[in-house]
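>>> here's a sequence, model it:
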Amino acid sequence: MKRSSFSSSFLGNVIIRSLSAMAQGLFASLLIGTIIKTVGQQMNWPMVVETGSFAMSMAGPAMAISIAYALHATPLVVFSMAAVGLAANTMGGAGGPLAVFIISLISTGIGYLVGGRTKIDILITPLVTIGSGVALSYLMAPAIGTAASSVGNLIMWATSQHPFIMGILVSVIVGITLTLPISSAAICAALGLTGLAGGAALAGCCAQMIGFAVMSINENGLNGLVSQGLGTSMLQMGNIVRNPRIWLPPIIVSAITGPLATCLFQLEMNGPAISSGMGTCGLVGQIGVYTGWMSEIAAGTRAAITTNDWTVLALISIVLPAILTPLIAYFFRRIGWIKKGDLKIS
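Okay, the predicted model is just below:
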């Protein structure tokens, strides 16, 4: 029983660290590349556009290298993962990020087993790591990619068919994963979550970040407001463990803003799927919505970005969470569920 508990804990830790690392790899390639490319297109700077395109093309290698690095693989294994990530992401298609995640975990483990075992480690370790990773990509990546894409498409289809219920579910679940030590951005990227479902995911993440930031301003001041509102609500995880009730106001607000985004405002995330799980972190979620708008204009499916578009984005991302969360928290304070100091970031 103890061995089983240890194994489960170890595996969970590996998955959490790997997901977080994968999100950073995606951020440093696909996401920042998309932003750079969008700026270049708006400013008509071809070199900036090309720079963004280069960064975007490195998503697979960046994810794989990030995962291996987070798992403390040897340098030769880490560097070898560039080829593995490229192969897995390319053959995984629309579900490439999930293929990269799974295959990188396996290949890193294989690299760990052979690393430093021979006198010609500089040849054997890259050969085995790259060979196994590319072979696994041929064997597994298309199926993994198809499965991930199918799940993502199912969620997006269900959201379009039942926007109220799915708006609540997607918003609440993705918002919760953002605050947990799990990467909501990596999950959204792996599933390719865009469209109305992406809009609901964005709403849930913003409810958590802006909600915690505003409702804890008395305890944490301006620094806490910025670190949570533009950084991460994960800073409250220790306080949540001590008093889980402090999590209820942001969760309730995400259950409100999610269906508002899908049913009333039809807010869609048609930029990079990773943006759906970023919330207001560096305003990446909002930039993702903007890049989606620009893509629609380029494709001829949107005439222009209107004042109403910006108003809706501001309402869902910032205004409603900033107003509703402290109101709900005030009620919880009145009944003693939340006490002074419960939201203090140490």
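>>> which other residues reach stretch 322-337?
Here stretch 322-337 makes contact (Cβ atoms under 8 Å, 6 or more residues apart in numbering) with 207, 210-212, 214-215, 245-246, 248-250, 252-253, 256-257, 338-339. For every residue, glycine as well, the C-beta is placed using N, CA and C.
>>> which of those fall in helices?
Counting by DSSP state H, the contacts of stretch 322-337 place 207, 210-212, 214-215, 248-250, 252-253, 256-257 in helices.
>>> what's around residue 308, how many residues?
Residue crowding around residue 308 was assessed by other Cβ atoms under 10 Å; the count is 9.
>>> with residue 13 instead?
Count around residue 13 with other Cβ under 10 Å applied: 11.
>>> cool, and the one 5 residues further on?
For residue 18, the tally of surrounding residues (other Cβ under 10 Å) stands at 23.
>>> residue closest to the middle of this protein?
residue 185 (0.3 Å; Cα atoms, centre = their mean).
>>> about what we covered before: generate a ChimeraX selection restricted to the buried subset of the ones in helices among the contacts of stretch 322-337.
Filtering the ones in helices among the contacts of stretch 322-337 down to the buried ones (16 or more other Cβ atoms under 10 Å) takes a single ChimeraX command:
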select :207,210,211,212,214,215,249,250,252,253,256,257
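>>> redo the ones in helices among the contacts of stretch 322-337 as a markdown table? Include pLDDT.
Output for the ones in helices among the contacts of stretch 322-337, formatted as a markdown table (pLDDT from 0 to 100):
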| residue | pLDDT |
| --- | --- |
| 207 | 97 |
| 210 | 97 |
| 211 | 97 |
| 212 | 97 |
| 214 | 97 |
| 215 | 96 |
| 248 | 97 |
| 249 | 97 |
| 250 | 97 |
| 252 | 98 |
| 253 | 98 |
| 256 | 97 |
| 257 | 98 |
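>>> for the ones in helices among the contacts of stretch 322-337, give me TSV that also has distance to residue 315.
Shown next, in TSV, are those (distance: Cβ to Cβ, whole Å):
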residue	distance to residue 315
207	12
210	11
211	14
212	19
214	15
215	18
248	22
249	18
250	16
252	17
253	12
256	12
257	8
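>>> right, and the residue nearest to the centre of the chain touches residue 27 too?
Yes: between residue 185 and residue 27 there is a contact at 7.3 Å, judged by Cβ atoms under 8 Å.
>>> overlap in contacts of the two?
What both residue 185 and residue 27 touch, as defined by Cβ under 8 Å, 6+ apart, is the set residue 274.
>>> which stretches of the stretch 1-150 of the chain aren't confidently modelled?
Scanning the stretch 1-150 of the chain for pLDDT under 70 picks out the ranges 1-10.
>>> all strands of the chain, in order?
Counting by DSSP state E, the chain has no strands to list.
>>> residue 179 touches residue 234, doesn't it?
Yes: using Cβ under 8 Å, residue 179 makes contact with residue 234 at a distance of 5.7 Å.
>>> OK, contacts around the residue lying farthest from the centre of the chain?
Farthest-out residue of the chain from its mean C-alpha position, per Cα atoms, centre = their mean: residue 119, at 41.0 Å. Listed by Cβ under 8 Å, 6+ apart, the contact set of residue 119 is empty.
>>> give me phi/psi at it?
Dihedral pair for residue 119: phi -80, psi -10, per degrees, to the nearest 10.
>>> likewise for residue 182?
Residue torsions, per degrees, to the nearest 10, at residue 182 are phi -130, psi 150.
>>> separation between it and residue 137?
25 Å (Cβ to Cβ, to the nearest Å).
>>> of those two, who's got more company?
residue 137 (27 against 18).
>>> picking up where we left off before, spatially, and excluding backbone neighbours, which residue is closest to the residue nearest to the centre of the chain.
residue 277 (3.9 Å; Cβ to Cβ, 6 or more residues apart in numbering).
>>> what's the answer for residue 118, then?
residue 124 (5.1 Å).
>>> show me the contacts for that neighbour.
Counted by Cβ under 8 Å, 6+ apart, residue 124 has contacts 114, 117, 118.
>>> of these, keep whichever come out buried.
Buried among those (16+ other Cβ under 10 Å): residue 114.
>>> okay if I get the contacts of residue 124 as TSV plus distance to residue 301?
Shown next, in TSV, are the contacts of residue 124 (distance: Cβ to Cβ, whole Å):
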residue	distance to residue 301
114	50
117	55
118	57
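>>> does residue 243 touch residue 342 like I think?
Yes: contact criterion Cβ under 8 Å: residue 243 and residue 342 qualify, at 5.0 Å.
>>> higher neighbour count, the two?
Taking other Cβ under 10 Å, residue 243 and residue 342 do not tie; residue 342 has more neighbours (19 against 14).
>>> got phi/psi on that one?
phi -60, psi -30.
>>> and it, what pLDDT?
With respect to pLDDT, residue 342 has a value of 95.
>>> quick one: residue 234 and residue 281, what's the gap?
The value you get for residue 234 to residue 281, if Cβ to Cβ is used, is 10 Å.
>>> go on, residue 150?
28 Å.
>>> between those two, which has more neighbouring residues?
Legend: neighbour count by other Cβ under 10 Å for residue 150 and residue 281, higher for residue 281 (22 against 14).
>>> list the contacts of residue 86.
Per Cβ under 8 Å, 6+ apart, neighbours of residue 86: 60, 61, 64.
>>> pretty sure residue 263 is touching residue 165, no?
No: in this structure residue 263 lies outside contact range of residue 165 using Cβ under 8 Å: 10.1 Å.
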